[in-house]
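Student: what's the 3D shape of this:
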Amino acid sequence: MIFTLLAILIGLIAAYLAYNAVSLLWKNSWFVGFCRGMFGLALLAAGTLVALTAYDVYSYKQVLQEQVVATINFDKIEDQHYFAVLSDKDGKEQRVEIRGDQWQLDARIVKWKGYLSTFGLKPAFRLERLSGRYYDIEQETTSKRTAYTVHDSLYGVDVWKIFHSNPGWVPVVDAVYGSATYLPMKDGALFEISLSNTGLVARPINEVAREAVAEFN
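Tutor: Model (predicted):
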């Protein structure tokens with residue numbers, strides 16, 4: 001909820017900047033009008049940047065408790081080559097080809113520190129990357145690797161990356177990666193991925209998946 005409200009607030013700022021930009025560009029005059037025009041274009045660019053920031057913030061979902069954030073199932077194409085169907089909590093599906101013996105899902109997590117944590121604000125997340133790997137070390141270094149972006153930022157406007165690369169800029173925000181443990185791929189296997197305050201947890205939810213995990217262990 002807090003990320004939705006924050007995105008709405010940033011969106012209103014973007015709309016205000018865009019309104020002022022259009023108002024300045026609409027007025028007539030020469031040099032003054034030219035300056036107004038340049039300033040108006042600058043405001044329009046700033047409004048666009050703020051709007052993209054609002055979209056990026058909105059793409060993160062708050063973790064209210066441990067919850068299922070996605071499911072993934074596998075269909076075998078050939079040895080060490082699978083179709084994977086990843087479905088997120090909103091019902092969006094992504095179908096990709098994964099090579100290897102195991103899969104892993106990564107997420108971006110935003111945690112609150114300092115005085116903000118005392119207000120009971122929960123972490124937020126955005127699914128980041130789905131990848132495969134091989135059991136054999138030699139294959140891992142020489143065979144074809146596969147990794148896919150699950151969710152990307154528009155036009156390079158990436159708020160999380162700024163916080164992650166510059167942790168000292170906003171001391172109350174902690175932008176970190178969270179990853180589910182590598183688990184085996186097997187034809188017909190179905191897993192669910194949950195997210196808690198500590199990170200991602202993947203669990204087998206059908207017999208094929210449970211057998212694959214047992215064989216792996």
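Student: report how many residues lie close to the spatially closest residue to residue 99 that is not a sequence neighbour.
Tutor: Leaving aside its sequence neighbours, residue 99 sits nearest to residue 146 (CB to CB, 6 or more residues apart in numbering; 4.7 Å). Placement of C-beta: from N, CA and C, glycine included. By other CB atoms under 10 Å, the residues close to residue 146 number 18.
Student: from the centroid of this protein, which residue is nearest?
Tutor: residue 126 (3.1 Å; CA atoms, centre = their mean).
Student: tell me which strands and helices the helix or strand encompassing that residue is in contact with?
Tutor: Element membership for residue 126, per DSSP states H and E: strand 124-133. On a contact count with 3 or more CB pairs under 8 Å, 6 or more residues apart in numbering; DSSP states H and E, strand 124-133 meets strand 61-62, strand 67-78, strand 81-88, strand 93-99, strand 102-112, strand 147-149.
Student: quick one: closest of the ones you listed to residue 195.
Tutor: strand 67-78 (4.8 Å; CB to CB).
Student: who's in contact with the closest one?
Tutor: Strand 67-78 has contacts (CB atoms under 8 Å, 6 or more residues apart in numbering) with 61, 82-89, 97-98, 103, 105, 107, 125, 127, 130, 185-195, 200, 205.
Student: please identify the buried residues of that strand?
Tutor: Residues 69, 70, 71, 72, 73, 74 are the ones in strand 67-78 that count as buried (16 or more other CB atoms under 10 Å).
Student: in this protein, where is pLDDT below threshold?
Tutor: The model of the chain has pLDDT under 70 over residues 1-7, 10, 21-22, 24-37, 56-60, 62-65, 114-120, 155, 197-198, 217.
Student: per the record, what domains does it have?
Tutor: According to automatic domain parsing, the chain comprises the domains 2-58, 62-216.
Student: hang on, the earlier thing: can you select the buried ones from the contacts of strand 67-78 in PyMOL?
Tutor: Selection command for PyMOL covering only the buried members of the contacts of strand 67-78, criterion 16+ other CB under 10 Å:
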select buried, resi 61+82+84+86+88+98+103+105+107+125+127+130+185+186+189+190+191+192+193+194+195+200
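Student: quick one: residue 166 from residue 199, how far?
Tutor: Residue 166 sits 22 Å away from residue 199 when distances are taken as CB to CB, to the nearest Å.
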